[in-house]
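**Student:** Next comes the sequence, and after it the predicted model I'd like to discuss.
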Amino acid sequence: MMTTKPKIEDRIEPRRRALKGGRIICPGNIITYNCRIRDFSEGGARLEIDQWYSFPKNVIVEIGRLELIEARYESEIRWTKGKQIGVKFLRKLSEDDDLNSRSSSVH
């Protein structure tokens, strides 16, 4: 009988399973991609997209859709695997943050 070693996680908080809509917004707010949030924690999330794209390292992740936006985060893409993307949240944006000016300043 074979046993497998548990996968070592490098995140601090455990992720909770989710199935929410969202968007990935590239710097400059020029290009956005719809995504699904498959799981998330206070520090990051696993996103799923319909088609693979080459994303910049830093993006804004929006959780929710249209007028039902729950949260926006300045985020760093930490890994990609096929159509799945792991992001680390760098900072939660407040409702007062101007999305256009914030997305253009993400490096």
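**Tutor:** Alright, I've got the coordinates.
**Student:** surely Asp50 meets Lys83?
**Tutor:** Yes - using CB atoms under 8 Å, Asp50 is in contact with Lys83, at 6.9 Å. In this view, the C-beta of every residue, glycine as well, is placed from N, C-alpha and C.
**Student:** With neighbour numbers in mind, choose between the two.
**Tutor:** Lys83 (14 against 10; other CB atoms under 10 Å).
**Student:** quick one: the helices in the chain?
**Tutor:** 99-105 (DSSP state H).
**Student:** which regions of it sit below the pLDDT cut-off?
**Tutor:** 1-18, 66, 98-107 (pLDDT under 70).
**Student:** And the strands in it?
**Tutor:** Applying DSSP state E to the chain gives strands spanning 16-25, 32-40, 44-48, 58-63, 71-81, 84-93.
**Student:** how about TSV for those strands, with mean neighbour count added?
**Tutor:** TSV is the format used below for the strands of the chain (neighbours: other CB atoms under 10 Å):
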stretch	mean neighbour count
strand 16-25	16
strand 32-40	18
strand 44-48	21
strand 58-63	22
strand 71-81	17
strand 84-93	17
